[in-house]
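# let me see the structure of the following:
(one chain, ligands or ions: 2)
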Amino acid sequence: MTGAAPEGGISRVALDVPLSRLFDYRVPPGTAAPVAGARVRVPFGRQHLIGVVIEHATDSSVAEERLKPLTALLDSVPVLSGEVLDLVRWASDYYHHPIGEVIASALPKALRAGATLTALEELWRPTGTGRTALETGMLARLPAQRRVLELLLRHDCLHEDDLSAQVPHWRTAAKALLRQGWVQHESVAAAPAAPTPEWVAAAAAPVATPEQAAAVAHIGAALGGYATFVLHGLTGSGKTEVYLRIIEQVLERGQRALVLVPEIGLTPQLVRRFAQRLNAPLAVLHSGLTDTERLDAWRAAASGAARIIVGTRSAVFAPVPQLGVIIVDEEHDASLKQHEGGFHYSARDLALVRAQRAQLPVILGSATPSLETLQNVVAGRYQRLSGPRRAGPAAAPRLGLVDLRAHAVSAGLSTPVVQAIERHLAAEGQVLVFLNRRGYAPTLLCTACGWVAPCKECDARLTVHQRSQRLRCHHCGADAPLPQNCPQCGFEVRPVGQGTERVEERLLELFPHAPIVRVDRDVVRGRGDMDAAMHSIDSGAARILVGTQMITKGHDFQNMTLVVVLNADQGLFSTDFRAAERLAQTIVQVAGRAGRGSRAGEVLIQTAYPEHPLLQTLMSEGYDGFARAALAERAAAAWPPFSRLAVVRASALTAEAALEFLTEARRLAAAPRAVKLLGPVPAAMARRAGRYHAQLLLESADRAALHRLLGGWLPRVAELPVARRVRWALDVDPIDLF
Ligand code: ADP
Ligand code: ZN
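Ligands and ions are numbered 1, 2, ... in the order given. The predicted structure is shown next:
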């Protein structure tokens, strides 16, 4: 719509309430209708809410006398740009989620509460009558007011911060002056600013490898239109170097770049790299920010002051004028698909939608691309760029399987592994031991009566935490003192199995002279802890690193020559059809930590099933071979990406209530033949934190048929009387089926 905004009419407003509809409000006469994407304040029941205008209309299905007027217009410039609003609407449709809640997960809290989109500066000025008042001595007995007015007269205009710096308690005085009409106060838009990270003496760009040069040429030629590139290369192979060169080109075109990373933990390194090479203002958006920091970053992005936006999941909704490229780093990572409140979405998939609609290229980077992405390459929808080979002299590490059945094992460490660690330490290498389980032991067992410490709230065992002498549930957080004796028979109890804490203890016994650092959520709580741990490895102060998933990503270890995966078997026999993919990704990612400097690396994977086809294919043909085999299996079983899934999950205080809700929901579904309904079934771990979980799966090879069914069905499910007794949510394209 162009020209003057129409007066009057109806605004259709999205509100942060769990209802899948818009709400109509009358635009008061004489007021210009708010533009789409602008915030308004509206009456809702007995309260006032801030909502976002989605569209303007001339009439409403709500009866004239029941139609309430908007009470305030908050924005002249929309908080949601056309591009973002479009994405939000698409997401609300596709994920069948109320648009108001989608907007709530996109917008920073401060903006939802009414903060201005542009930062404001508070300015104070003297008035003519103020000058007269001062000159005629009317302020003789009011020293604070006199001081403020004198200052203002001297400077003509002062910022609040300057007043604060010069006159303590100036505000009381200024307010008194304002009441007299002796000063004026105004809020003006501050010049938008984004921090330019300290430009670390501009690291010079290395000479690009042929693969990097080819990738950059390919992507560079596609700028200005939609295309998806898969940059498949090992960690440390120079993908970031490709991102840097593309961002450089984008900046030169006067455009901006959006970079999505799966975790907050990965942003500082990337920001540092960008800062070393690109002298451009940058905004960082992730969940670790305070509300004010988040608001500042969003403002910097929206104003265009920031030229590069780096963020986690919800940054896919960031406003970025003249966006030129979207980069999704570690595109396979599950953290890109998560839920905010009840809203489940894939930031990677939304990035693709955004790019398609805004006509710009996307780069999906990963050492282990998801099977979905690889299938899109096979189908010709994405272009795969021949993975940069590892920059630097180190070749890919040697991989080997260690048969846990054939060797003595102590605290999870087999004899060949212990010998390998010894060898690498003797050769001045560093060693990484990966185990995806924190704590000392996953089970506390009574050797006399067989009692096992259970969680009272979950279908799970409590994990032993030896150092803190606690028993903890890793699912609900339950926490209890560690008993010395069996509560059932009084006999001695014993920790069984191992977590990182126990492995660390055993390694200390075996290698007393090799300092160890452990990285898991029990010891690494904040950024500082992680930095300290990484520094002790980089500096060589520590020789062995023991850790969970936390160590599989990001950090570049130069002298890590041996990587041990203590247990590969958890992923081999899972009920989740994605477990094998996850396992292969983890193994490849963790193996990528070995041999990154000038030395070749060795990777040992312990398993009780060395003949397992997945492990065999991975060993002999690498990730690509594994992916081919896994995709063939998925095709045969009609799992994604060869079919589409949606799952309705429900939880209730009893298993019956959760199952009853899903059973009734299923009964309501008039499923066409193209859509299969499976279940309801109790979740694999049915009881969690005192609630019973169950799910109903919908599967179809025909995406449109599935979505048509969902669209007609979900509103009726929401109206089921039993729905009030459960918590439930829909997850489209779920990645966890548990
Ligand atoms: P990735 O993003 O795939 O993990 P990086 O881009 O971070 O890889 O590169 C890994 C390391 O190799 C970095 O230290 C980087 O500076 C260096 N590097 C990347 N490309 C080159 C190159 N063409 N020549 C020399 N060193 C390079
Ligand atoms: Zn629990």
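# wait, a strand at H407?
No - using DSSP: H, G, I helix; E, B strand; the rest coil, the secondary structure at H407 is coil, not a strand.
# ok, it - how many residues close by?
By other CB atoms under 10 Å, the residues close to H407 number 14. C-beta here means a position set from N, CA and C on the backbone, and glycine is covered the same way.
# how about it, nearest residue that isn't a chain neighbour?
Leaving aside its chain neighbours, H407 sits nearest to S414 (4.3 Å; criterion: CB to CB, 6 or more residues apart in numbering).
# neighbours of the one you found, how many?
Using other CB under 10 Å, S414 has 21 neighbouring residues.
# how about the one 3 residues further on?
Other residues near V417 number 23, with proximity taken as other CB under 10 Å.
# just the mean pLDDT for the host helix or strand of it, thanks.
Per DSSP states H and E: V417 is located in helix 415-426. The average pLDDT for helix 415-426 rounds to 96.
# what does stretch 348-365 contact?
83, 86-87, 90-91, 94, 219, 222-231, 233, 239, 242-243, 246, 258, 260, 316-317, 323-331, 336-337, 373, 382, 733 (CB atoms under 8 Å, 6 or more residues apart in numbering).
# can you pull the buried residues of that stretch?
348-355, 358, 360-365 (16 or more other CB atoms under 10 Å).
# looking at the chain, which residue lies furthest from center?
Distance from the C-alpha centroid of the chain, by CA atoms, centre = their mean, peaks at T136 (63.1 Å).
# neighbours around the closest residue to Q589 other than its chain neighbours, how many?
Closest residue to Q589 apart from its sequence neighbours, by CB to CB, 6+ apart: T552 at 4.6 Å. T552: 23 surrounding residues under other CB under 10 Å.
# helices or strands up against the longest strand along the chain?
Scanning the chain for the strand with the most residues, using DSSP state E, yields strand 675-688. Counting by 3 or more CB pairs under 8 Å, 6 or more residues apart in numbering; DSSP states H and E, the packing neighbours recorded for strand 675-688 are strand 644-652, helix 655-668, strand 691-700, helix 703-718.
# please parse the chain into its domains.
Using automatic domain parsing, the domain ranges for the chain come out as 10-84, 120-189, 210-387, 398-441+497-633, 644-732.
# first-to-last residue distance for the first one?
The reference is to domain 10-84. This stretch, domain 10-84, spans 22 Å end to end (CA to CA, to the nearest Å).
# do the same with the second one
The stretch domain 120-189 measures 5 Å between its terminal residues, going by CA to CA.
# same question for it, mean pLDDT?
Mean pLDDT, computed over domain 120-189, is 86.
# so what's the spatially most central residue of the chain up against?
In the chain, the residue lying closest to the centroid (CA atoms, centre = their mean) is R313, at 3.7 Å. Residues counted as contacts of R313 (CB under 8 Å, 6+ apart) are 260, 262, 335-336, 338, 340, 347.
# quick one: which of the residues you listed is nearest T116?
Nearest to T116 out of the contacts of R313 is E340 (CB to CB; 23.8 Å).
# follow-up on the earlier one: tell me who's in contact with the residue nearest to H407.
S414 sits next to 402, 404, 407-408, 606 when contact means CB under 8 Å, 6+ apart.
# for PyMOL, what selects the buried ones among the contacts of stretch 348-365?
Buried residues within these, by 16+ other CB under 10 Å, are selected in PyMOL with:
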select buried, resi 83+86+87+90+91+94+219+222+223+227+228+229+230+231+233+239+242+243+246+258+260+316+317+323+324+325+326+327+328+329+330+331+336+337+373+382+733
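# re earlier: gap between the residue nearest to H407 and A608?
11 Å (CB to CB, to the nearest Å).
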